[in-house]
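>>> predicted structure and sequence below. I'll ask about it afterward.
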Amino acid sequence: MTLNLCVLTPNRIVWDSEVKEIILSTNSGQIGILPNHAPIATAVDIGILRIRLTDQWLTMALMGGFARIGNNEITVLVNDAEKGSDIDPQEAQQTLEVAEANLSKAEGKRQTIEANLALRRARTRVEALNMIS
Amino acid sequence: MWVSSKPSLSDASALSFRSFLNPFQVPSHNSTSCNPSRSVTPIHCGLRELRERIDSVKNTQKITEAMKLVAAAKVRRAQEAVVNGRPFSETLVEVLYNINEQLQTEDVDVPLTKVRPVKKVCLVVVTGDRGLCGNFNNQLIKKAEARMAELRGLGLDYTVISVGKKGNTYFRRRPYIPVDKFLEGGSLPTAKEAQAIADDVFSFFVSEEVDKVELLYTKFVSLVKSDPVIHTLLPLSPKGEICDINGTCVDAAEDEFFRLTTREGKLTVERDVVRTQTVDFSPILQFEQDPVQILDALLPLYLNSQILRALQESLASELAARMSAMSSASDNASELKKSLSLVYNRQRQAKITGEILEIVAGANAQI
């Protein structure tokens, strides 16, 4: 049985091909999905997605969204997705530092919400990088 | 007759003729001022000056012509962006529909759908980055002003998030309008720009600083028509907005998109209305989390795609407005060029005739 993964963002289709296994970070923790998984719908947190092709693992940073699994067909809808290999390490590290600084400076409820979101996104990108190396 | 009644004004009229040499004016204006029958005597401008004017009009025409073509090519790109985003929006609508079905009976409480008594409204005003596109930007800013006056009339507070350079300069010059943020549009709207706006709007709404968010943008109707519209972004209504109880979809499932085509050598626009197929939910499908949590994850996506759509429509309208403005400018330029070269040729002919007469007279006097 083959498992098909489809990662969609508002701009483009990031991934649409066959995979062996994926590990998805959902709101209630990471789940691994193998072929013939039971049909489920889940919210996807800001976090990393790991994809296994035959014997090679790939990472992708997902910026929050939704996934539907059923009939050996995984559809992931996210705001933004970046392959680990496409992320610029320096830039990601810098963004993380800026985000951390912003959070410590944030005043009021609104700024804190914004800064927290930015920080989580930045952290995920750095994590996706570290996964590879 | 006209000349003899105001002989002293001949200099002034020559000046005013010069100021009329503007290719962006309506053709009727040009044709009256350049009408040779009236302007033959009063214009004292030399042949060389006339030639220079003709050249400058020619250059302007080239520029406007090029801008028109560039705008046409960009409309095509904008349309591609819409097409690329369609798999996402289709799947999103399908899933939202299904989850709504499941939540029909439950009482949902999601922050983004909470309807509060409105005290403060946030207006997101989407304008273009560049000018030379007719009344595109003015139209929208006027609409925004009207809405602000309306809100003031109702005694409500408001704040503005301005997207696009033109709107930014407008609001910067008017410090009495409370503006929260100035954002730049960028050449082609992507999810990143939409995300920036969505983040802002989201934190604004969730922190209860504003109770309603409205999006003002220009809806793309056709290449010659676009309407400024006001669209309520937040609170999202999980039921009414997507599908009503009978399962007929109101807004989201009707995915309209535009397509630029060439018909008989002319550019035309086709608009397609695509109804997304809503497939029945597999009954054994389980929710990993609470349906409410899933809705919570989905609605920001929906918010994002709504904003992205508005940005794309706005860009398409801007380009279309520029296309038509530039094509009428090139038309005017060619008309002006025509009447100017008529005047030029007449003057040249008159000069030659005068010279011949002089030579003949001189020769006659010699004999």
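Done, it's in. Numbering: from 1, shown residues only, chains lettered A, B, ... in the order given.

>>> for chain B, see how far away the residue most central in space within chain A is.
The residue at the geometric middle of chain A, judged as the C-alpha nearest the mean C-alpha position with C-alpha atoms, centre = their mean, is A:L62 (2.2 Å). Separation of A:L62 from chain B (C-beta to the nearest C-beta, to the nearest Å): 11 Å. Just so you know, the C-beta spots here come from the backbone N, C-alpha and C atoms, and that holds for glycine as well.

>>> contacts only, for B:V125.
B:L140, B:I141, B:A144, B:V160, B:I161, B:S162, B:V163, B:G164, B:G167, B:F171, B:L216 (C-beta atoms under 8 Å, 6 or more residues apart in numbering or on different chains).

>>> typed the wrong thing, it's A:S25
A:S25 neighbours (C-beta under 8 Å, 6+ apart): A:V44, A:D45, A:G47, A:I48, A:L49, A:L62.

>>> surely the second one touches A:G29?
This means A:D45. No. Applying C-beta atoms under 8 Å, one finds A:D45 not in contact with A:G29, separated by 9.0 Å.

>>> of these two, who's got more company?
Neighbours were counted for A:D45 and for A:G29 using other C-beta atoms under 10 Å in any protein chain shown; A:D45 has more, 20 against 10.

>>> which positions within whichever strand or helix holds B:V82 qualify as buried?
With elements taken from DSSP states H and E, the one containing B:V82 is helix B:47-84. Of the residues in helix B:47-84, those buried by neighbour count under the rule 16 or more other C-beta atoms under 10 Å in any protein chain shown are B:50, B:53-54, B:57, B:60-61, B:64-65, B:67-68, B:71-72, B:74-75, B:78-79, B:81-82.

>>> and it, what does it pack onto?
For helix B:47-84, the helices and strands in contact under the criterion 3 or more C-beta pairs under 8 Å, 6 or more residues apart in numbering or on different chains; DSSP states H and E are strand B:254-263, helix B:291-366.

>>> can you give me the angle the helix or strand just after it makes with helix B:47-84?
For helix B:47-84, the succeeding helix or strand toward the C-terminus, using DSSP H and E, is helix B:86-103. Using axes from the mean of the first three to the mean of the last three C-alpha atoms, to 10 degrees, one finds that helix B:86-103 and helix B:47-84 are set 40 degrees apart in direction.

>>> buried ones in helix B:86-103, by neighbour count?
The neighbour-count check on helix B:86-103 (16+ other C-beta under 10 Å) flags B:87-100, B:103 as buried.

>>> measure how far it is from the centre of its chain, please.
Using C-alpha atoms, centre = their mean, to the nearest Å, the mean C-alpha position of helix B:86-103 is found 31 Å from that of the whole chain.

>>> ok, stretch A:57-66 next?
With C-alpha atoms, centre = their mean as the basis, the mean position of stretch A:57-66 lies at 2 Å from the chain mean.

>>> got the buried residues for it?
A:L58, A:T59, A:M60, A:A61, A:L62, A:M63, A:G64, A:G65, A:F66.

>>> on that earlier part again, got a pLDDT number for the residue nearest to the centre of chain A?
Model confidence at A:L62, expressed as pLDDT, equals 88.

>>> am I right that it falls within a strand?
Yes. Looking at A:L62 with DSSP: H, G, I helix; E, B strand; the rest coil, it is inside a strand.

>>> any idea how chain A splits into domains?
The record's domain parsing of chain A by the TED database lists A:1-81, A:87-129.

>>> and the ones you listed, which is most packed in?
The highest mean neighbour count among those belongs to domain A:1-81 (a mean of 19), with neighbours defined as mean count of other C-beta atoms under 10 Å in any protein chain shown.

>>> please compute how far that domain lies from its chain's middle.
Per C-alpha atoms, centre = their mean, the displacement of domain A:1-81 from the mean C-alpha position of its chain is 8 Å.
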